[in-house]
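[1] what would the 3D arrangement of this be:
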Amino acid sequence: MNVIARCRACALAALVSVAACSGGGRSVPGPVAPLAPAMPAGTPGAAHGSAIPYGQGLLRGATYVGPARVDTVGLDIYPVMRDAAGLVSYAKDANDPHSGNYRHWLTPQQIGDRFGASQTDYQALVRALNLRGIAVKLYPQREMVRIRGPQANVEAMLGAHFGIYTSAKQTFLALSSAPHPPGGLPIAAFGNAVALRVRSRNFVPVRVGNGFIDGYSAQQLANAFDYTSAYNAGFTGKGINIGIIGTGPITDGDPRIDGGNGGDVAEYRKLFGLGGSGTVQQVYDLNNVSPGNTTAGPGSEFSTGLASPPPVTDPNAPGCANQNVSAPTDFTTCNPEDLEAQLDTEQASGLAPDANVLFFIAYNPMECGGPCGATGSSPPTQEMGIDLTDDEIQQAIADGRSDVLSLSFNGSEATSEGFYFGSGSNGFGPTELASVLAEGTAILVASGDNGAEGCFLDGSANTDSACVGYPSTDPSAVSVGGVNTPLNAAGQLTGPMTAWGEFTQISGTQPGGTGGGCSIFFPEPAYASGVPNLPCGGMRTQPDVSLDADVATGVTVVQYASPTFSIGRQIVSVGGTSAATPELAAMWALVLQACKQAPSCANGSGAFPWRLGNPNTSFYQIYQNAQQYGATFYDVQFGNNSLPSSGGSGQDPGFTAGIGYDLTTGLGVPFARSLIRTVTGQ
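    Residues are numbered from 1 along each chain as shown. Below is the predicted model:
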């Protein structure tokens with residue numbers, strides 16, 4: 001994640017409000033009972049507590065404004081799967097060296113056939129939707145159906161009406177009563193039926209310049225974390241695909257920008273004289289849209305609204321004059337870069353120069369997340385990137401080509417409970433990430449930039465309590481934290497690495513620090529079982545490992561490289577765990593290339609036998625071997641991720657780095673060449 005000012009996504013990109021809980025505390029919080037869904041204030045007789053979850057927990061504390069009048073509305077339907085719990089269990093087994101399913105990776109079609117909705121149920125649902133004039137998008141894993149249709153049609157199918165709600169930070173569209181779809185439809189839950197935004201980017205822009213280089217170069221980081229020795233041994237990521245779940249637009253690979261030659265990654269490589277054959281490809285799937293039921297008559301065939309993302313525009317473009325450039329409403333006329341996407345692609349590509357980057361980006365100009373579309377109101381809300389991350393993750397699963405997947409966003413674990421996972425939820429978070437892992441793909445998630453107060457962005461009144469983020473605490477993911485890395489021009493350490501936090505200020509006044517703490521919902525995963533002295537009393541710890549993220553030791557990011565942009569090329573220094581996450585993705589790509597080249601390592605099943613699944617399986621094994629740990633990791637022993645108190649008096653308690661595992665930097669900082677040798681023997 002990135003830090004930028006606690007706005008536009010925890011650091012510059014806070015388009016999405018996250019739920020909050022904040023603060024740290026050296027004492028470890030114990031499990032708490034899930035909150036029961038509460039009636040939103042002012043709801044007209046809403047019967048919450050439906051047997052079919054729809055995200056009603058997100059309405060806690062929201063105020064009903066009135067009925068919605070919109071043109072079209074979209075949401076996700078999660079069909080009844082054959083065995084959703086079995087899929088989560090299989091992903092665990094496939095990553096357990098003691099299991100007979102170890103490294104037996106599945107294709108998206110196999111996931112659908114073994115665990116997803118039956119083909120019969122899936123098609124029956126599609127036919128029922130088409131007959132009601134509702135368009136759908138399908139996926140081979142058969143975990144989700146994306147729908148869109150006229151408000152009246154969707155409401156008739158749901159047996160419920162949409163209303164407009166307000167919360168502390170947002171005005172949004174949501175069902176005003178529990179859904180009651182027609183009997184017999186194989187529906188397990190709904191997603192995006194409550195359009196409260198709960199995910200946020202995690203990066204922090206620090207300094208901007210046009211004519212000079214600011215922030216660490218790729219070479220400095222490569223030397224500091226010993227990618228350089230890996231390159232010298234021939235490990236550059238060749239033949240490996242790094243997937244990025246997109247938060248905003250990029251220019252790379254877009255023929256509409258300088259004929260495809262105006263990319264920021266290309267300029268970043270040129271700026272630092274980087275070689276490499278790796279490419280950047282934008283991936284957006286407009287296919288697999290149901291052709292409709294041909295017996296249903298006119299109106300049964302139309303689009304779900306998913307479209308090719310508009311090209312990046314200059315933030316000084318005329319179309320941006322009357323829009324908030326940080327959160328434009330019409331991407332066709334104002335579509336500036338969000339910096340997070342540039343950070344992710346440049347760090348991944350720069351540190352794994354021969355790996356290919358697959359940038360998953362979704363765009364829908366016909367969504368409605370607020371009071372839009374009605375007569376006399378604004379047009380339908382356009383959504384792109386961070387607002388459509390579930391669509392992008394589902395597409396990454398269906399695509400199946402990513403060997404490692406990087407997610408530089410997070411939300412409050414407290415707010416996500418009851419929505420993505422837990423009692424009364426749609427349960428889709430763990431299912432979705434387990435699908436990625438069942439394909440053997442490593443999932444890396446930024447731990448957040450609000451220190452021990454990972455719920456800061458959810459608007460909670462208690463902003464000084466210990467809380468962590470989701471999906472970084474999901475057992476399928478590697479939670480990536482951040483450190484301060486003092487380097488000279490040659491990339492050599494000039495002092496000890498320390499946890500990012502206590503002594504760093506964002507934008508001069510805003511605090512920031514590496515996410516870290518104890519989950520109050522997820523138990524300790526199998527890969528950490530038996531590891532001595534873990535501090536969370538049998539609950540999931542965060543982070544797992546760390547790399548450079550402190551804004552005081554930020555990295556270089558290039559924006560608006562194309563000469564067609566009047567703003568001119570910008571060179572930005574950026575920090576945040578959104579920097580550390582693609583750095584680790586690049587490192588793991590080198591590990592996978594080494595595994596691919598070694599018959600003794602590339603012995604998994606399926607089309608991608610070199611995939612190693614969850615890197616935590618290796619990380620925690622290494623930690624329990626003192627010799628391997630000392631050779632592979634830098635044990636960060638100084639620093640604290642506490643933040644200044646919201647009351648303006650002193651520091652809130654945080655967590656302090658120390659010998660071995662700690663709740664600021666996890667196991668510590670891995671070195672690329674040593675990690676390759678330890679994991680693959682190469």
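[2] which residues touch residue 356?
    If you count contacts by CB atoms under 8 Å, 6 or more residues apart in numbering, residue 356 has them with 240-242, 278-281. Any C-beta I mention is one placed from the backbone N, CA and C, and that applies to glycine too.
[3] buried ones among those?
    The neighbour count (16 or more other CB atoms under 10 Å) marks 240-242, 278, 280 as buried among those.
[4] which one of those residues sits closest to residue 583?
    Taking CB to CB as the measure, residue 242 is the one of the buried ones among the contacts of residue 356 closest to residue 583, at 11.2 Å.
[5] specify the local secondary structure of the closest one.
    strand (DSSP: H, G, I helix; E, B strand; the rest coil).
[6] not counting its neighbours along the chain, what's nearest residue 528?
    In space, residue 528 comes closest to residue 620 once its chain neighbours are excluded; the distance is 5.3 Å by CB to CB, 6 or more residues apart in numbering.
[7] related to what we said a few turns ago, out of the contacts of residue 356, who's nearest residue 225?
    Nearest to residue 225 among the contacts of residue 356, with distances taken as CB to CB, is residue 242, at 16.4 Å.
[8] and the closest one, how far from residue 406?
    7 Å (CB to CB, to the nearest Å).
[9] now do residue 165
    Residue 165 is 33 Å from residue 406, by CB to CB.
[10] could the buried ones among the contacts of residue 356 go into a markdown table alongside pLDDT?
    A markdown table is the format used below for those (pLDDT from 0 to 100):
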| residue | pLDDT |
| --- | --- |
| 240 | 98 |
| 241 | 98 |
| 242 | 98 |
| 278 | 95 |
| 280 | 95 |
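[11] want to throw those residues into CSV with distance to residue 147?
    CSV is the format used below for the buried ones among the contacts of residue 356 (distance: CB to CB, whole Å):
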residue, distance to residue 147
240, 35
241, 30
242, 31
278, 36
280, 31
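[12] quick check, nearest of those residues to residue 139?
    Proximity of the buried ones among the contacts of residue 356 to residue 139 (CB to CB) peaks at residue 241, which lies at 18.9 Å.
[13] so what pairs up with the closest one in the strands?
    In this entry, residue 241 is beta-bridged to residue 356, by DSSP bridges.
[14] I figured it hits residue 359, correct?
    No - judged on CB atoms under 8 Å, residue 241 makes no contact with residue 359 at a distance of 11.0 Å.
[15] which residue packs closest to residue 103, ignoring adjacent ones?
    residue 604 (3.6 Å).
[16] so what's the one you found up against?
    Here residue 604 is in contact with 103-105, 440, 610-612 (criterion: CB under 8 Å, 6+ apart).
[17] can you pull the phi/psi pair for it?
    The phi/psi pair for residue 604 (degrees, to the nearest 10) reads phi -70, psi 170.
[18] model confidence for it, exactly?
    Turning to residue 604, the model gives it a pLDDT of 96.
[19] quick one: residue 388 and residue 360 touch, right?
    No - in this structure, residue 388 is not within contact of residue 360 by CB under 8 Å, at 9.7 Å.
[20] next secondary structure element downstream of the helix or strand hosting residue 396?
    Taking DSSP states H and E as the definition, residue 396 sits inside helix 389-399. With elements assigned by DSSP H and E, the helix or strand that comes after helix 389-399 is strand 404-407.
[21] show me what that following strand is packed against.
    The helices and strands touching strand 404-407, judged by 3 or more CB pairs under 8 Å, 6 or more residues apart in numbering; DSSP states H and E, are strand 241-245, helix 389-399, strand 442-446, helix 577-596.
[22] residue 142 is nearest to which of those?
    Of the helices and strands packed on strand 404-407, nearest to residue 142 by CB to CB is helix 389-399, at 10.1 Å.
[23] which residues touch that closest one?
    By CB under 8 Å, 6+ apart, the list of residues contacting helix 389-399 reads 76, 108, 111, 139-141, 143-144, 146, 191-192, 199, 243, 245-247, 283-285, 288, 306, 358, 360-362, 364, 385, 402, 405, 407, 409, 428, 432-433, 435-436, 439, 441.
[24] which of those fall within strands?
    76, 146, 191, 243, 245, 283, 358, 360, 364, 405, 407, 409 (DSSP state E).
[25] anything in contact with each of residue 242 and residue 406?
    348, 582, 585.
[26] give the contact list for the last one.
    The one in question is residue 585. Taking CB under 8 Å, 6+ apart as the test, what residue 585 contacts is 242, 244, 348, 352, 404-406, 442, 444.
[27] residue 640 touches residue 664, doesn't it?
    Yes - applying CB under 8 Å, one finds residue 640 in contact with residue 664, separated by 6.7 Å.
[28] who has more neighbours, these two?
    It is residue 664, of residue 640 and residue 664, that has more neighbours when counted by other CB atoms under 10 Å, with 35 against 25.
[29] any idea how far residue 668 is from the closest residue to the more buried one other than its chain neighbours?
    On the basis of CB to CB, 6+ apart, the spatially nearest residue to residue 664 that is not a chain neighbour turns out to be residue 499, at 3.7 Å. The gap separating residue 499 from residue 668 is 10 Å, by CB to CB.
[30] just give me the residue right at the centre of this structure.
    The centre of the chain sits closest to residue 407, judged by CA atoms, centre = their mean, with a distance of 3.3 Å.
[31] show me the contacts for that one.
    245, 389, 443-446, 471, 477, 581.
[32] got the phi and psi for the nearest residue to residue 134 once chain neighbours are set aside?
    Distances taken as CB to CB, 6+ apart place residue 149 nearest to residue 134, at 3.6 Å, with adjacent residues excluded. Backbone geometry at residue 149, expressed as degrees, to the nearest 10, gives phi -170, psi 170.
[33] and residue 149, what's its pLDDT?
    Confidence at residue 149, expressed as pLDDT, is 84.
[34] could you pull out the helices for the stretch 151-300 of the chain?
    151-158, 218-224, 227-232, 264-272 (DSSP state H, counting those that start in this stretch).
[35] run through the neighbouring helices and strands of the third one.
    Counting contacts by 3+ CB pairs under 8 Å, 6+ apart, helix 227-232 packs against helix 218-224, helix 577-596, helix 672-680.
[36] pull the residues that contact the first one.
    It stands for helix 218-224. 227-228, 231, 268, 272, 274, 350-351, 485, 487, 489-493, 548, 555-556, 583.
[37] what about that helix, distance to the chain center?
    Distance of helix 218-224 from the chain centroid (CA atoms, centre = their mean, to the nearest Å) equals 25 Å.
[38] just the last one next, same as before
    If you compare the mean C-alpha spot of helix 672-680 with that of the full chain, they lie 26 Å apart, counting by CA atoms, centre = their mean.
[39] pLDDT of that helix, averaged?
    98.
[40] that helix packs against which elements?
    helix 227-232, helix 577-596, helix 615-623, helix 626-632.
[41] got the contact list for residue 276?
    Contacts of residue 276 by CB under 8 Å, 6+ apart are 236, 269, 349, 353-354.
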